Structures are given as C-alpha cells and as structure tokens.
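>>> need coordinates for the below:
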Amino acid sequence: MDKRSVFERLVEFISPGPDSKAELIKTLADAENRELIEPESRLMLEGVLRMADMTAGDVMVPATRMDLLAIEADYEEILAQVIETAHSRFPVYEGQRDNVIGILMAKDLLKLQRAPGLNLRTLLRPAVFVPESKRLNELLRDFRSNRNHLAMVIDEFGNTAGLITIEDVLEEIVGEIEDEFDEQEQENGIYTLADGTHRVAGDVSIVAVNEAFGTALSEADFETIGGLLAHQHGRVPRRGETVAVAGLGFTVMITRGGAVRWFRVARLPPPQTHAAGGAVD
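This next block holds a predicted model:
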C-alpha cells in the first residue's frame, strides 16, 4: 500500500463514532509497520485521539494530594514548602483549603525576599476554575489563549476537586515532560536540593543509589530503586509516604502511571541507644 492510500484511509476513518476511532488507531499502527510514519508520530496521534474523550477530572491531581500554600504563613514556612515540593506554581488558600484565592509563582518569592514588607497578596495571580467535565482538548485551547498554566478543578457542587496543569494535558499527547527542575537533573537521575536533601527518580538504578549514598542495597532481585522500595513496602508507596531503607528516608514526591516518578531522599538520624547498666527509675 502506498502513502496516498494510507492517508485516504485516515480520512475515511476520521468520521466520528466508536468504531471509526478504533479503526483509525489500527490504521496508524499499520502506517507505522510500513514505515510511513515514525513510532513517535503514531503515539502522539493516538494521544490526540484519546485526549478528545478525556476530561479534566480524568487527569487532575485530587484535592487530597494538592500542595497548597496558606496566605497566613510566614516567608520561611512558604519557602521551605516550595523547596520541598519543587513546583513552579502553587494555589494559595485563606482559612480553609477549599478557599483558593489565587496562584503564587515560585519565582515571585524573590520579590518578597528583596522587599520583606511586600504583601504576599500582591504577588498572587488570579485562579482559573474549570469543571471536572471540561474536555482536555478545550482546556488545552483555553490554556493557550489565556496563557494560564494551572487551573483549579471543581465538582458539580462547586467544591474543589483538584487541580490540573498544562503539563498534565500535554503529557496525554507526548508522554511525560521534564520540567524546569528536571533540566538540572544529573545524568544518573539524582539531584541535590537546596536544603541538602536529594531528589531521586524512581527508575534510577540501585547501582547509582549505592554509589551516590554509599549504601549496599542488593542488586540481585531489583534493578531500580522504585522496584526495591515497592517490594519492601508491600505496594507502590503513595505521595507523601516515606519508606526507610539503609539509613535513608525515601519520601514520595510525584507518582505517575501507578509508579513513583520522584523521591525526596534524606538521611535518617541514627537510632537512639542507651548505655548498658544505666540506672532505671
């Protein structure tokens, strides 16, 4: 089959309907097998097709897992949370977590550092709210037109259901995107944070972890640190959970696709020991 006939088939199956989309995906796979399109192109086209059926509620970060900042918090507390979570944008709430009053860009904290008397409220950018039912293709168009990169997702009762970013939407098309923080990542997937802790990718090899932290974790049964920790924990740890191993605490920062994307790693304090023969009250 030549190129022309393949694209004719693409046009033929582009009409809406549950069967036509499945047939179109099969046609894309056939085009890849015949080396008419690259594998990456097929994956992106399939992502576009699937995204048309997805909503903000399908992709959002649930409200229980959102990292928010309190408007009443002092500068040092806010800075510590920004460093720990490593996001570039944060919803800011007042009173209750459900009451989001704006979005803070992490880079805007520099303004607060240079002018401590500056009111944090003046740095907030308007929060955008979208319903859970918002189609991803429509949301992507909105993100591009209003130049916002984060939106709060609300349920049918007007309560905060979660948040979604432009990165979350684009990843449905092109796969996982490395953010600004990832650009500074070392080749072995281990990066030192400003507070002395480390950010470690879940797919980093156990060999690399042993070399970086001077540990002697077994490489016999698992190749990656994520696999080893999931086995030790009994399941894949959730965001915010910490797994202790070899004197290190691995706290889950980000999960994607049922696996841990990033751990925050810190050395644990040595266990307390009591001198033998001490007096007992």
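
>>> residue 223 against residue 205, yeah?
Yes - the pair formed by residue 223 and residue 205 meets the contact definition of CB atoms under 8 Å, at 6.0 Å. All C-beta atoms are positioned from the backbone trio N, CA, C, and that covers glycine.

>>> which stretches of this structure form strands?
Under the criterion DSSP state E, strands of the chain are mapped to 61-62, 69-70, 89-93, 100-105, 129-131, 150-154, 160-165, 190-192, 198-201, 242-245, 248-256, 259-267.

>>> mind listing the strands the second one pairs with, and their directions?
Strand 69-70 has its sheet partners listed here by DSSP bridges as strand 89-93 (parallel).

>>> what lies in contact with the partner strand?
Strand 89-93 has contacts (CB atoms under 8 Å, 6 or more residues apart in numbering) with 66-71, 81-82, 99-106, 120, 124, 127, 149-150, 152, 163, 165.

>>> could you do stretch 207-215 as well?
The contact list for stretch 207-215 (CB under 8 Å, 6+ apart) reads 188-190, 198, 200, 216-217, 219, 225, 246-248, 265, 267.

>>> switch to 10 Å and redo it
186-190, 192, 198, 200-201, 204-206, 216-219, 223-225, 228, 245-248, 250, 263, 265, 267 (CB atoms under 10 Å, 6 or more residues apart in numbering).

>>> average model confidence for it?
Per-residue pLDDT values across stretch 207-215 average out to 93.

>>> now do the buried residues in stretch 231-240.
Within stretch 231-240, the residues that qualify as buried by neighbour count (16 or more other CB atoms under 10 Å) are 233, 236-237, 239.

>>> make TSV out of those residues and add distance to residue 45 and pLDDT.
Written out in TSV, the entries for the buried residues of stretch 231-240 read as follows (distance: CB to CB, whole Å; pLDDT from 0 to 100):
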residue	distance to residue 45	pLDDT
233	37	90
236	30	87
237	34	88
239	31	78
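
>>> of residue 223 and residue 205, which one has the most company?
Using other CB atoms under 10 Å as the criterion, residue 223 and residue 205 rank with residue 205 on top: 16 against 13.

>>> tell me what the more buried one is bridged to.
Going by DSSP bridges, residue 205 forms beta bridges with residue 224.

>>> quick one, what contacts it?
Contacts of residue 205 were listed using CB under 10 Å, 6+ apart, and they are 188-189, 211, 219, 222-225.

>>> do the same with residue 130
Residue 130 makes contact with 55-57, 60, 138-139, 142-143, 151-154, 161, 163-164, according to CB under 10 Å, 6+ apart.

>>> let's go with 6 Å and repeat that
Contacts were defined as CB atoms under 6 Å, 6 or more residues apart in numbering; by that measure residue 130 touches 56, 151, 153.

>>> equivalent analysis for residue 114, please.
For residue 114, no contacting residues are found, by CB under 6 Å, 6+ apart.

>>> what's the distance between it and residue 102?
Here the criterion is CB to CB, to the nearest Å. By it, residue 114 lies 20 Å from residue 102.

>>> residue 243 against residue 250, yeah?
Yes - shown here, residue 243 and residue 250 form a contact pair, counting by CB atoms under 6 Å, at 4.8 Å.

>>> need the residues touching each of those two.
residue 229.

>>> those two: which has the busier surroundings?
Neighbours per residue (other CB under 10 Å) separate residue 243 from residue 250, with residue 250 holding more: 27 against 19.

>>> next one: stretch 71-84 to chain centre, how far?
For stretch 71-84, the gap between its own C-alpha mean and the chain's C-alpha mean amounts to 20 Å (CA atoms, centre = their mean, to the nearest Å).
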